[in-house]
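In: When you get a sec, could you give me coordinates for this:
(one chain, ligands or ions: 2)
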Amino acid sequence: MSTYLSGIQPTGLQHLGNYFGAIKQHIDGHQEEGEHFYFIADYHALTTSRDPEKLRNQVQETAVTYLALGLDPERATLFRQTDVPEVTEIAWLLACVTGMGLLERAHSFKDKLAHGIKPNVGLFTYPLLMAADIIAYDANYVPVGKDQVQHVEMTQDMVGYFNNAFGEVFVRPEHLLADQASFAKVVGIDGDKMSKSYGNDIWIFETGKKLKKLFGKVKTDSRPPEEPKDPAEILPVRFLELFLGADELKDWERRLQEGGEGAPGYGELKMRAWEAMEEYFAPARARREELLANPDRIEEILRAGASRARERAQATRDRALVACGLR
Ligand code: ADP
Ligand code: TRP
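Out: Ligands and ions are numbered 1, 2, ... in the order given. Take a look at the predicted model:
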């Protein structure tokens, strides 16, 4: 039986890019046979967070988001990273067999340096903790976005260093890339990659007037509706693609290509995208409201998840301690 694991940074409200690029894979994936672990990487968040109240809220919001979108806590173990302190112990064991050079080569770290960010030690050793997250549960597969692939490869290296020194203790993981290549990059309302840091994002649970207004802002040009157009160049169509079935989508595309009297104006496309998104996430919005009204239930799910996860992490840590002579 295979074990799947992924971590989610509790950074702010999750947007459509996060959903179609990552969360959806996690949620669809946990229907598959095997064991599934999903955790909120709150220790990792502390490498940059300095606002305790905000971090607390974001951790809860992340849990609610996953549960509302359909993660079944009976099929997948959902927990907080900090509820499994064994990962920090395993991270230390890895630190003792890993050369600084490996960490210095991490793209995400070099990126931060290039942006003039003065790194703390936690940011530098981020990949050690991430490797420990993966190793602790003997994960075989790690579903991640492209940006995280190098971290999984570094995990493979660290498993190699430890196992070469002390025997076959840790399981070597593989990354799993999101399989919906077409949504590998969801665009924002300005046409760039959707990202919290670009301020062009749409929150998954946005609704009503605010959502309508956001779709109103989706960038378009000033060509008249009658002019035939290539649907691939029309930004509102990028949003319709996310929410519509194939038949309806084809129909809009055909009308755009043909132009003339029957062609939709940009306003019409935007309003259809708005409506379609409202509908798409309506059940999840309702579940989110239910969960928020019952915070004890959320805590209960996270605690139950942590207790299952911890059992596994303790076994892995104990195995490693014996192997390297610390027991
Ligand atoms: P942001 O750029 O908003 O800070 P993150 O870097 O926190 O988003 O991304 C979290 C996850 O969501 C990653 O797995 C990433 O691959 C995915 N993701 C983020 N933005 C997009 C996007 N525009 N399209 C597809 N996937 C995305
Ligand atoms: N670094 C990942 C991200 O930023 C989050 C993460 C932490 C993770 N630990 C992990 C992902 C272990 C997969 C496995 O998205």
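In: alpha carbons only for contacts and neighbour counts from here, please
Out: OK.
In: For the protein, what lies in contact range of ligand 1?
Out: 17-18, 21-22, 144-145, 184-187, 193-197 (CA under 6 Å from any ligand atom).
In: Sort out which of these are buried, if you could.
Out: Neighbour counting over these (16 or more other CA atoms under 10 Å) leaves 17, 18, 21, 22, 144, 145, 184, 186, 187, 194, 195, 196 as the buried ones.
In: could you dump the helix or strand hosting residue 5 to CSV, C-alpha only?
Out: Following DSSP states H and E, one finds residue 5 within strand 3-8. Provided in CSV are the C-alpha atoms of strand 3-8 (Å, rounded to 0.1, in the frame of the first residue of the first chain):
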residue,chain,number,x,y,z
THR,A,3,1.5,6.4,1.3
TYR,A,4,0.8,9.9,0.0
LEU,A,5,1.7,13.1,1.9
SER,A,6,1.7,16.8,1.3
GLY,A,7,2.1,19.9,3.3
ILE,A,8,0.2,23.2,2.9
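In: Skip ahead from that strand and say which helix or strand is next.
Out: In the C-terminal direction, the helix or strand that comes right after strand 3-8 (DSSP H and E) is helix 16-18.
In: How about the residues of the stretch 1-150 of the chain by ligand 2?
Out: So far as CA under 6 Å from any ligand atom goes, the stretch 1-150 of the chain lies against ligand 2 at 6, 7, 8, 9, 41, 130, 133, 134, 142.
In: between those residues, which is nearest residue 299?
Out: residue 41 (16.0 Å; CA to CA).
In: follow-up on the earlier one: buried among the residues of the stretch 1-150 of the chain next to ligand 2? Make that a ChimeraX selection.
Out: Buried residues within these, by 16+ other CA under 10 Å, are selected in ChimeraX with:
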select :6,7,8,41,130,133,134,142
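In: Apart from its neighbours in sequence, what residue is nearest the residue sitting furthest away from the middle of the chain?
Out: Distance from the C-alpha centroid of the chain, by CA atoms, centre = their mean, peaks at residue 261 (42.6 Å). Excluding the flanking residues, the one nearest residue 261 by CA to CA, 6 or more residues apart in numbering is residue 226, at 6.0 Å.
In: shouldn't that neighbour be in contact with residue 266?
Out: No. Counting by CA atoms under 8 Å, residue 226 does not reach residue 266; the two are 11.0 Å apart.
In: Pull stretch 147-163 out as PDB, backbone CA atoms only.
Out: Extracted in PDB, the C-alpha atoms of stretch 147-163 (Å, rounded to 0.1, in the frame of the first residue of the first chain):
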ATOM      1  CA  ASP A 147       8.200  24.900  -7.200                       C
ATOM      2  CA  GLN A 148       8.500  22.200  -4.600                       C
ATOM      3  CA  VAL A 149      10.000  19.400  -6.800                       C
ATOM      4  CA  GLN A 150      13.600  20.400  -5.900                       C
ATOM      5  CA  HIS A 151      12.700  20.100  -2.200                       C
ATOM      6  CA  VAL A 152      11.500  16.500  -2.700                       C
ATOM      7  CA  GLU A 153      14.700  15.700  -4.600                       C
ATOM      8  CA  MET A 154      16.700  17.100  -1.700                       C
ATOM      9  CA  THR A 155      14.700  14.800   0.500                       C
ATOM     10  CA  GLN A 156      15.900  11.900  -1.600                       C
ATOM     11  CA  ASP A 157      19.500  13.000  -1.200                       C
ATOM     12  CA  MET A 158      19.100  13.200   2.600                       C
ATOM     13  CA  VAL A 159      17.500   9.800   2.800                       C
ATOM     14  CA  GLY A 160      20.500   8.600   0.900                       C
ATOM     15  CA  TYR A 161      23.000  10.200   3.200                       C
ATOM     16  CA  PHE A 162      21.300   8.800   6.300                       C
ATOM     17  CA  ASN A 163      20.700   5.300   4.900                       C
END
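In: quick one: which of the residues of the chain next to ligand 1 sit in helices?
Out: Residues from those lying in helices, with DSSP state H as the criterion: 17, 18.
In: tell me the SS of the residue farthest from the centre of the chain?
Out: Three-state assignment for residue 261 (DSSP: H, G, I helix; E, B strand; the rest coil): coil.
In: Would you confirm that it contacts residue 228?
Out: No. Using CA under 8 Å, residue 261 is not in contact with residue 228; the gap is 10.4 Å.
In: Can you tell me the element the residue in the stretch 101-250 of the chain positioned nearest to ligand 2 falls in?
Out: Closest approach between the stretch 101-250 of the chain and ligand 2, counting by CA to the nearest ligand atom: residue 130, at 4.1 Å. In the assignment (DSSP H and E), residue 130 maps to helix 126-136.
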